[in-house]
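1. here is my input, please return the structure:
(4 chains)
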Number of protein chains: 2
Amino acid sequence: MDAFHLLKSISKHITLDAEEEKYLISILLPMKLQQNEFIEETGEVTRYFINVNEGCLMTYYTDSEANDHVLQFATAGWWTGDLNSFTNSAPSIYSTKALSDSKVLLIPKIQMDELLNRYPKFERYFRIIFQNSLITHQQRILLNLSMSAEERYQYFLQKYPTLEQFVPQKHIASYLGITPEFLSKIRRKLMGK
Amino acid sequence: MDAFHLLKSISKHITLDAEEEKYLISILLPMKLQQNEFIEETGEVTRYFINVNEGCLMTYYTDSEANDHVLQFATAGWWTGDLNSFTNSAPSIYSTKALSDSKVLLIPKIQMDELLNRYPKFERYFRIIFQNSLITHQQRILLNLSMSAEERYQYFLQKYPTLEQFVPQKHIASYLGITPEFLSKIRRKLMGK
DNA sequence: TGTATTCCTTAAACTGGTTCAAGTAGTTCC
DNA sequence: GGAACTACTTGAACCAGTTTAAGGAATACA
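-> Model prediction:
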């Protein structure tokens, strides 16, 4: 099993001894996804917390008019999935699928609880992960409140330069909260500069 | 010191023994705020994580055109402040002020680190707090992407029924990402129904 | 090689929400 | 009681971003 990016993420915040690392590895379920393959679908209860090791995933909501709204993209090292469904065992309102051939590691909810009870060190790791993610989400909300679509697009390009290779423009538009047509206009305008 | 709401929040997720509770209480700084008094201002590094015991606080960003954008409101039991500034010792881009006479409890950053090291049980508490807050922030992003201003307003009223007593409409408008004028129109329309 | 499919672009008409400007009502404070 | 704020409302003009519809380019597959 290749857990390179996960172990790298963990080592930034806590130090595991051999036993802890072995136990962690033992509860991970590796999974390969083909492009466009789903790992979670609307209506199901999310049983896994997902860590991306290779490729790119997208989590999105489909509204009553069949428009998709992108909650997040996730590349190597990122945790993803519907955290609400995972935490509260509620049916998910999101779908998560691979935007490219990908490799992920899954932690089943029960094993996650057990991991946290057995090795409280992981409480610290996930506290920091959630704390940082919260900061990022607060920033995104603020950008949506205070910036124009064009500014948000430029900020996105600068903040996530590697995502363009994986993500079709229509999904970037969705993430930014605009239509693909309007993103196209913005791009033309920026090209002209 | 009155730490009722904080202890209530903690007891939902972890159980403290007498020593732990005593230590926690010993590092809290109680503070009274008058209406419109600031507890954090733009440009400063946030040295405290804030828990509200009574009243209501607002954290907001002021853009280059002097428009305010509300990141969050916080009432009894809620944690608030600029988490990025607190975590990374970066100058804050937000201000936090009291919307009514309020009482808060402050944890200085150094004491917070010490608390987490000495009693790892608190890692669990804050992991859960951040995890739940993250879920709420994800929902807010999704609403902003997929709902009209009118729908967002109705959702807000339903989700935070107690906030209307503290929060002027212009700040609710800001939180929703619209102008006070447009919120006024929405309200008139809803009254007519 | 043709045809289906999906993505991106372009343009014209449109609309949800903003801006600007003015007016009303409640509060504070001398 | 009046002056000065601040919050909220109203309406007309305006604009950022949507909608609709159509065409072009790339990939996929029979």
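2. does whatever helix or strand A:Ile50 lives in reach chain B?
-> If you go by DSSP states H and E, A:Ile50 is part of strand A:48-54. No - no part of strand A:48-54 sits close enough to chain B to count as contact by C-beta under 8 Å from any C-beta of the partner chain; the gap is at least 10.7 Å. Yep, even glycine has a C-beta here, placed from its N, CA and C like the rest.
3. C-terminal to that strand, what's the next element?
-> Strand A:48-54 is succeeded, C-terminally, by strand A:56-62 (DSSP H and E).
4. hmm, back to that, mean confidence (pLDDT) on the strand holding A:Ile50, please.
-> For strand A:48-54, mean pLDDT rounds to 97.
5. that one pairs with which strands, and in what direction?
-> strand A:79-80 (antiparallel), strand A:102-108 (antiparallel) (DSSP bridges).
6. in CSV: these, plus distance to B:Leu71 and mean pLDDT.
-> Shown next, in CSV, are these (distance: least, C-beta to C-beta, whole Å; pLDDT from 0 to 100):
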stretch, distance to B:Leu71, mean pLDDT
strand A:79-80, 23, 98
strand A:102-108, 31, 97
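7. ok, now how distant is A:Thr59 from A:Leu83?
-> Counting by C-beta to C-beta, to the nearest Å, the gap from A:Thr59 to A:Leu83 is 9 Å.
8. hmm, the longest helix that chain A contains touching DNA strand D?
-> Counting by DSSP state H, the longest helix found in chain A is helix A:121-146. No - Helix A:121-146 stays out of contact with DNA strand D when judged by C-beta under 7 Å from any atom of the strand, the minimum separation being 9.8 Å.
9. just the buried residues of whichever helix or strand comes after that helix, please?
-> Downstream of helix A:121-146, the next assigned helix or strand under DSSP H and E is helix A:149-159. Neighbour counts over helix A:149-159 (16 or more other C-beta atoms under 10 Å in any protein chain shown) mark A:Ala149, A:Glu150, A:Arg152, A:Tyr153, A:Phe156 as buried.
10. same check, this time on stretch A:179-193
-> Buried, per 16+ other C-beta under 10 Å, within stretch A:179-193: A:Leu183, A:Ile186.
11. quick one: distance of that stretch to the chain centre.
-> 26 Å (C-alpha atoms, centre = their mean, to the nearest Å).
12. for stretch A:126-146, same thing?
-> On C-alpha atoms, centre = their mean, the centre of stretch A:126-146 falls 13 Å from the chain's centre.
13. helices or strands up against the helix or strand containing A:Ser85?
-> Assigned by DSSP H and E, A:Ser85 belongs to helix A:83-88. The contact analysis (3 or more C-beta pairs under 8 Å, 6 or more residues apart in numbering or on different chains; DSSP states H and E) places helix A:83-88 against strand A:48-54, helix B:121-146.
14. report the contact partners of A:Leu116.
-> Counting by C-beta atoms under 8 Å, 6 or more residues apart in numbering or on different chains, A:Leu116 makes contact with A:Phe122, A:Glu123, A:Phe126, B:Arg124, B:Arg127.
15. from DNA strand C, how far out is the third one?
-> What that stands for is A:Phe126. 34 Å (C-beta to the nearest atom of the strand, to the nearest Å).
16. so A:Gln111 sits against A:Ile27, correct?
-> Yes - using C-beta atoms under 8 Å as the test, A:Gln111 is close enough to A:Ile27 to be in contact (4.1 Å).
17. the two - which one has more neighbours?
-> With neighbours defined as other C-beta atoms under 10 Å in any protein chain shown, A:Gln111 and A:Ile27 compare such that A:Gln111 has more, 18 against 15.
18. got the contact list for that one?
-> A:Gln111 touches A:Ile27, counting by C-beta under 8 Å, 6+ apart.
19. now do the buried residues in the strand or helix carrying it.
-> Using DSSP H and E, the element containing A:Gln111 is helix A:109-118. Using 16+ other C-beta under 10 Å as the test for burial, helix A:109-118 gives A:Lys109, A:Gln111, A:Met112, A:Leu115, A:Leu116.
20. pretty sure the third one contacts A:Phe49?
-> Yes - counting by C-beta under 8 Å, A:Met112 sits close enough to A:Phe49 to count as a contact (5.9 Å).
21. joint contacts of these two?
-> What both A:Met112 and A:Phe49 touch, as defined by C-beta under 8 Å, 6+ apart, is an empty set.
22. any idea how far the longest helix of chain A is from the chain center?
-> Worked out by C-alpha atoms, centre = their mean, helix A:121-146 lies 12 Å from the chain centre.
23. quick one: mean pLDDT for stretch A:173-181?
-> Mean predicted lDDT for stretch A:173-181 stands at 97.
24. need the contact partners of it.
-> Residues from elsewhere that reach stretch A:173-181 (C-beta under 8 Å, 6+ apart): A:60, A:68-70, A:72-73, A:144, A:149, A:152-153, A:156, A:169-170, A:182-183, A:186, B:144-145.
25. mind redoing it with 10 Å?
-> A:58, A:60-61, A:67-73, A:140, A:143-144, A:147-150, A:152-153, A:155-156, A:160, A:163, A:167-172, A:182-186, B:141, B:144-146, B:177 (C-beta atoms under 10 Å, 6 or more residues apart in numbering or on different chains).
26. before we move on, back to that, now render the strands paired with strand A:48-54 as a markdown table, adding distance to B:Phe38.
-> Formatted as a markdown table, the strands paired with strand A:48-54 follow (distance: least, C-beta to C-beta, whole Å):
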| stretch | distance to B:Phe38 |
| --- | --- |
| strand A:79-80 | 35 |
| strand A:102-108 | 42 |
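27. want to try TSV for the ones you listed, with mean neighbour count as columns?
-> TSV is the format used below for the strands paired with strand A:48-54 (neighbours: other C-beta atoms under 10 Å in any protein chain shown):
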stretch	mean neighbour count
strand A:79-80	21
strand A:102-108	21
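28. distance between stretch A:57-68 and the chain's centre?
-> 15 Å.
29. what about that stretch and DNA strand C, touching?
-> No - counting by C-beta under 7 Å from any atom of the strand, DNA strand C is not contacted by stretch A:57-68; separation bottoms out at 10.2 Å.
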